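Q: what would the 3D arrangement of this be:
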Amino acid sequence: MTVVVIPHVDLTKELEHQWDLICEDPDVFTDNIDLEDFSDEEREEWIEEMKELKFKYKDLCDSYSDMLSYQVIDNITYVLFGGMSNFCSSYDYYKILRKIDDFSELRNWLLTVAKESASPQSEGVAELSDDSAENLSEYDGDFELNELSELSDAVAKNLSEHEDILKLNGLKNLSNAAAESLSKHEGGLLELNGLIELSDAVAESLSEYDGDLELNGLSELSDTAAESLSEHNGNLKLNGLNSLSNAAAESLSKHDNDIELDGLTELSDAMVESFTKHKWNLMLNGLKTLSAPSAESFSTKKGKLFLNGITELCEGAAKSLGKRSSSELFMNEVIEEKIIPHREFWKKQRDEEEKALKKQKTEKLINSLSEKQRLEYDSLIKEYQEAEGNRKWEIYSLFTKNGWGTPY
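A: Now for the predicted structure:
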């Protein structure tokens, strides 16, 4: 079995010239060829043959034949041809790839070029032409283009077609048209953490984005923008906000996914009341303290609540937060220790209430039974306590069928 694997590179005129230079000055040894054994004439013929090989390689890369396989690894596309040795040797595709593979300098150079071309997240990409963006959109893998400080509408449109994570954290502003294009991105995560302001129009466009959205560079958010973002479908990160109006909090509480607001250091009781309506996970790790009324409001909030920044908590607030289980409330260890006794108190109280409610239901059920049913009920209760195996299950099933609850 023979397999040849060569990086796929689109050769430009400049790359063709570099190919020729490598062929004109090769090492004395290649993988399977000792050039010292060649005469001058044979050496020149070999060099010319390898230089001409670039055209066959270009045709091969452009062909995407069924005879070839293609594998993408770390954003690099490789061309593969394989089979039994006698099978491979009869095909031109194999001969072309084998000659390149035997010439290690050329093969390693192609790999280097492929790696450079396949790294749209490489450092220092400060500008991106429309054509380059169009080519990049075809690559697989995450895009980290955090050096870009400007984004044309055409580039935004091309990048929106990329189907993996897109990070554009160097952008300070975004046009309405660019925002509208990026809102169509389907990669699951769009990072725009460099934006320091968000117009209402841009917010409305980004609200259409279907995936996680990061806008951690914003320090303020208008009520209109907050209302738009509440319609966004995906996790929302706004960790740069240091203030928020009551109206904005009311809007964000309607957001149907996780929200991070770790930049807020205080919340009014009205804002807390709004956020209690939020049904998903809420991160407020910037808060330093929480009033007793706010804690009481948060005690009934659905979803997980993250308050790891709290350093001061009055006894009343600790008692209210104790109503939440440890899987629903996340705080630092010091404050958590203060809440644990209250959590145990509320659990004991809930258990007692459930026990009393069950007793009340049982008494109501017994009072509704006829004398014959009551005798059967009492007999089965006693039998259940002594029964084992299948009989225990039969009694349980009979209780369920009769609507008598459980026999224990």
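Q: which residue ranges of the protein form strands?
A: Under the criterion DSSP state E, the chain contains strands at 2-7, 69-73, 76-83, 143-144, 166-167, 189-191, 212-214, 236-237, 259-260, 282-283, 289-290, 305-306, 312-313, 329-330.
Q: what helices or strands is the fourth one leaning on?
A: Looking back up the chat, that one is strand 143-144. If contacts are counted by 3 or more Cβ pairs under 8 Å, 6 or more residues apart in numbering; DSSP states H and E, strand 143-144 sits against strand 166-167. Backbone N, C-alpha and C define where each C-beta goes, glycine included.
Q: ok, the longest one next?
A: Where contact means 3+ Cβ pairs under 8 Å, 6+ apart, strand 76-83 is packed against strand 2-7, strand 69-73, helix 92-102, helix 104-117.
Q: buried residues, the first one. List them.
A: Of all the residues in strand 2-7, those buried under the rule 16 or more other Cβ atoms under 10 Å are 4, 6-7.
Q: hang on, the earlier thing: now the weakest link among the strands of the chain, please, by mean pLDDT.
A: Of all the strands of the chain, mean pLDDT reaches its minimum on strand 69-73 (a mean of 71).
Q: where do the helices sit along the stretch 101-250 of the chain?
A: Per DSSP state H, counting those that start in this stretch, the stretch 101-250 of the chain carries helices over the ranges 104-117, 130-136, 153-159, 176-182, 200-206, 223-229, 246-252.
Q: and these as JSON lines, adding distance to residue 280?
A: Formatted as JSON lines, the entries for the helices of the stretch 101-250 of the chain read as follows, by distance: least, Cβ to Cβ, whole Å:
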{"stretch": "helix 104-117", "distance to residue 280": "40"}
{"stretch": "helix 130-136", "distance to residue 280": "33"}
{"stretch": "helix 153-159", "distance to residue 280": "28"}
{"stretch": "helix 176-182", "distance to residue 280": "23"}
{"stretch": "helix 200-206", "distance to residue 280": "19"}
{"stretch": "helix 223-229", "distance to residue 280": "14"}
{"stretch": "helix 246-252", "distance to residue 280": "11"}
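Q: those helices: lowest mean pLDDT?
A: For the helices of the stretch 101-250 of the chain, mean pLDDT drops lowest on helix 130-136, to a mean of 59.
Q: for the top helix by length along the chain, what is the distance to the chain centroid?
A: Taking residue count as the measure and DSSP state H as the definition, the longest helix of the chain comes out as helix 333-368. When C-alpha coordinates are averaged (Cα atoms, centre = their mean, to the nearest Å), helix 333-368 and its chain have centres 39 Å apart.
Q: buried set for it?
A: For helix 333-368, burial by neighbour count (16+ other Cβ under 10 Å) applies to 335-336, 338-339, 342-343, 346.
Q: then stretch 197-212?
A: Neighbour counts using 16+ other Cβ under 10 Å place 198-199, 201-207, 209, 211-212 of stretch 197-212 among the buried residues.
Q: and the end-to-end length of that stretch?
A: With Cα to Cα, to the nearest Å as the measure, the ends of stretch 197-212 fall 19 Å from one another.
Q: check stretch 223-242 too.
A: Note: stretch 223-242 ends 15 Å apart using Cα to Cα.
Q: ok, stretch 259-276 next?
A: End-to-end distance of stretch 259-276: 13 Å, with Cα to Cα as the criterion.
Q: ok, residues contacting it?
A: Outside of stretch 259-276, the residues within contact range by Cβ atoms under 8 Å, 6 or more residues apart in numbering are 216, 219, 235-244, 246, 249-250, 252-253, 278, 280-291, 293-294, 297-298, 300-301, 309.
Q: one more time with 6 Å
A: Outside of stretch 259-276, the residues within contact range by Cβ atoms under 6 Å, 6 or more residues apart in numbering are 236-242, 246, 249-250, 253, 282-286, 293-294, 297, 301.
Q: do stretch 305-317 as well
A: The set of residues external to stretch 305-317 that reach it, using Cβ under 6 Å, 6+ apart, is 282-290, 292, 295, 329-332, 335.
Q: please tell me how far residue 195 sits from residue 232.
A: Using Cβ to Cβ, to the nearest Å, residue 195 is found at 15 Å from residue 232.
Q: check residue 242 too.
A: Going from residue 242 to residue 232 by Cβ to Cβ gives 21 Å.
Q: the two: who's more crowded?
A: Neighbour tally, residue 242 and residue 232, criterion other Cβ atoms under 10 Å: the higher count belongs to residue 232, 23 against 14.
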